[in-house]
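Peer 1: need a 3D model of the following:
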Amino acid sequence: MHRRVHFYTVGLVGVFLLIVLIYNFTLSQRVERIPYSEFRNYVNLGLVKNIRIGGDIIQGVKGAGTEGSGKETPFVTARVEDPDLVKELEKHRIDYSGEFENAWIRDLLSWVVPVLVLFALWLFVFKKLGPGGSIMSFGRNKAKVYAGSETRITFEDVAGVEEAKEELVELIDFLKNPEKFRNLGGKIPKGFLLIGPPGTGKTLLAKAVAGEAKVPFFSLSGSEFVEMFVGVGAARVRDLFAQAQQKAPCIVFIDELDALGKTRGASSIGGHDEREQTLNQLLVEMDGFDTRKGVIIMAATNRPEILDPALLRPGRFDRQILVDRPDINGREKILQVHARPVKLGKEVNLRVMAARTPGFVGADLANVVNEAALLAARRDKAEVGMEELEEAIDRVIAGLEKRSRVLTKKEKEIVAYHESGHALIAAFLPNTDPVHKVSIIPRGIAALGYTQYLPAEDRYLMTRPELLDRLCVALGGRVAEEIIFGQVSTGAQDDLQRATDIARRMVKEFGMSEKLGLVTFEKERRSFFLDNGMGSGKDYSEQTAREIDLEVKRIVDEMYKRVYDILRAHRDRLEHLAKVLLEKEVVEGEEFKRIVSLDM
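Peer 2: Numbers count the residues shown, from 1 in each chain. Coordinates of the predicted model:
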């Protein structure tokens, strides 16, 4: 109701000003403005019919015939101090009169309207600053508060993070039955920090804890504390904890904690004092509140290495819970959760979909299911099938199909041989993943073709032979171009980047170089507090750097020769696979196996 009245008030003021402006505009269009000298000439010639003398202006009517138009014309001129004017008017028998000046409209336009405009702007600014619309709202926190009944997300809606859920069961038990802990004198940890890559479900997990415990849930981002005004962030922290104490037991969740909790003194530029003050206030509040009242702090970050050590010490964020990328079993459970509202065909096998998506996080899998549902609806299907799910995975991995990107015959041929080279090297080397699909359909921003692999299982370690075989697969496309066309194209730029990166990490990080030995040259990125600098630097000599570069080049060159020998020995299969690709554009895994196993 208040918002509607405010809207009508602003509307009426606007309409009134519009009417005044239109009136003044139309009046100025009808009345002729003339100089005072011309007005005196008309008076002396007796051409003025009547006038009305005001405080600043003189209005009147010229008689017919003055402009040769045969009709009377209204005019207006500025009033000038002229003591002989009245005598001249009486001499020529011109009717004249004065008027009492009604200045309320002028006063309204001159000072009342500007005051109203400034008042409206003042109201607008302070409404934006906070719900109270007052100067005190600067320090009010911007947390979204969900009542216990409003948080309908539970652990059933979170899958693929079983270890993290087990860690949080104790917290839920405390929020539901705090007396059990108090009677034994136990103290629940003050803070729980969820660590993991983006999209793994950290925020969803925090909401599920509140939903399971049925307690109020305060949710806000770390960046919402800091403003351009000094002291606002610290005031918001105090206000947040004051509100949380009033609604205890409850959960306060700070997303993207790294935006607020970066190591103090790590910035080399000005303007970070306000953030540090806000962080200091957060540390003070976390020390000052009592967990026995039931206020639990949860936070999430994907950059724990840059957090201030004071945040991570016992008594603040006591528990650090890893929310990692799900394994194949976790991905299958996540797909099952997201597929609940979707009509799936009987042939859909979510286990196969989970195997096809290594490295995917919960957000990626939710996107896959949604894309598949949209594709099925676009094709007017009654249910989502494996075809839509497969295409949805391709979309997430490589981007949208670019059927409109027309390649020349020569370019299409180069892409076909390039992708065939990748696929055949993966088939002929022992430590690589099976080929799932080879395609020369352009996708995404720059991909003119792609080869997909289907890992048999999730891998967490890699041996030296496995790394070298992966390096060879990356070089397969460029070598195939050289063998068939005698020259290479720019299409292998990303492949060379990946191959060089593998070789450099083998030399610098993994100690897999026989020449340089069991030494790592990659300086660990330590916290700024311990390192007392802006970041890691090169802690080896220029001579050693040159030897590293030479060793990296040697590894890449040796693998290039290895790939060249393999593809030259199987050139017939390379040409056959490329011809099939040019004809069909896509070769699936089973057909690819048949082509590789053919006797040629």
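Peer 1: which parts of the stretch 151-300 of the chain are strands?
Peer 2: For the stretch 151-300 of the chain, the strands defined by DSSP state E, counting those that start in this stretch cover 191-195, 217-221, 250-255, 295-301.
Peer 1: let me redo that: the stretch 401-550 of the chain
Peer 2: Secondary structure of the stretch 401-550 of the chain (DSSP E, counting those that start in this stretch): strands at 435-439, 450-453.
Peer 1: the shortest one packs against which elements?
Peer 2: Using 3 or more Cβ pairs under 8 Å, 6 or more residues apart in numbering; DSSP states H and E, the elements in contact with strand 450-453 are helix 386-398, helix 409-428, strand 435-439. Every C-beta, even on glycine, is put in place using the N, C-alpha and C of the backbone.
Peer 1: now do stretch 176-183, average pLDDT.
Peer 2: For stretch 176-183, mean pLDDT rounds to 76.
Peer 1: what's that stretch in contact with?
Peer 2: Stretch 176-183 is contacted from outside by 173, 174, 187, 188, 213, 214, 249, 292, 294, using Cβ atoms under 8 Å, 6 or more residues apart in numbering.
Peer 1: can you pull the pLDDT of residue 329?
Peer 2: 89.
Peer 1: gap between it and residue 196?
Peer 2: 17 Å (Cβ to Cβ, to the nearest Å).
Peer 1: comparing those two, which residue is more hemmed in?
Peer 2: residue 196 (21 against 14; other Cβ atoms under 10 Å).
Peer 1: residues contacting that one?
Peer 2: 202, 300, 302, 322, 323, 324, 325.
Peer 1: pull up the distance across stretch 432-448, start to finish.
Peer 2: End-to-end span of stretch 432-448 (Cα to Cα, to the nearest Å): 23 Å.
Peer 1: CSV for the strands of the stretch 151-300 of the chain, including mean pLDDT, mean neighbour count and distance to residue 471?
Peer 2: Shown next, in CSV, are the strands of the stretch 151-300 of the chain (pLDDT from 0 to 100; neighbours: other Cβ atoms under 10 Å; distance: least, Cβ to Cβ, whole Å):
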stretch, mean pLDDT, mean neighbour count, distance to residue 471
strand 191-195, 90, 25, 31
strand 217-221, 85, 21, 41
strand 250-255, 88, 25, 39
strand 295-301, 88, 25, 33
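Peer 1: switch those over to TSV; also include distance to residue 468.
Peer 2: Listed next are the strands of the stretch 151-300 of the chain as TSV, based on distance: least, Cβ to Cβ, whole Å:
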stretch	distance to residue 468
strand 191-195	32
strand 217-221	44
strand 250-255	41
strand 295-301	35
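Peer 1: grab the nearest non-local neighbour of the residue nearest the centre of the chain.
Peer 2: Note on the chain: the residue nearest the mean C-alpha position is residue 198, at 11.5 Å, using Cα atoms, centre = their mean. Closest residue to residue 198 apart from its sequence neighbours, by Cβ to Cβ, 6 or more residues apart in numbering: residue 302 at 5.3 Å.
Peer 1: surely the one you found meets residue 199?
Peer 2: No: applying Cβ atoms under 8 Å as the test, residue 302 and residue 199 come out as separate, 9.1 Å apart.
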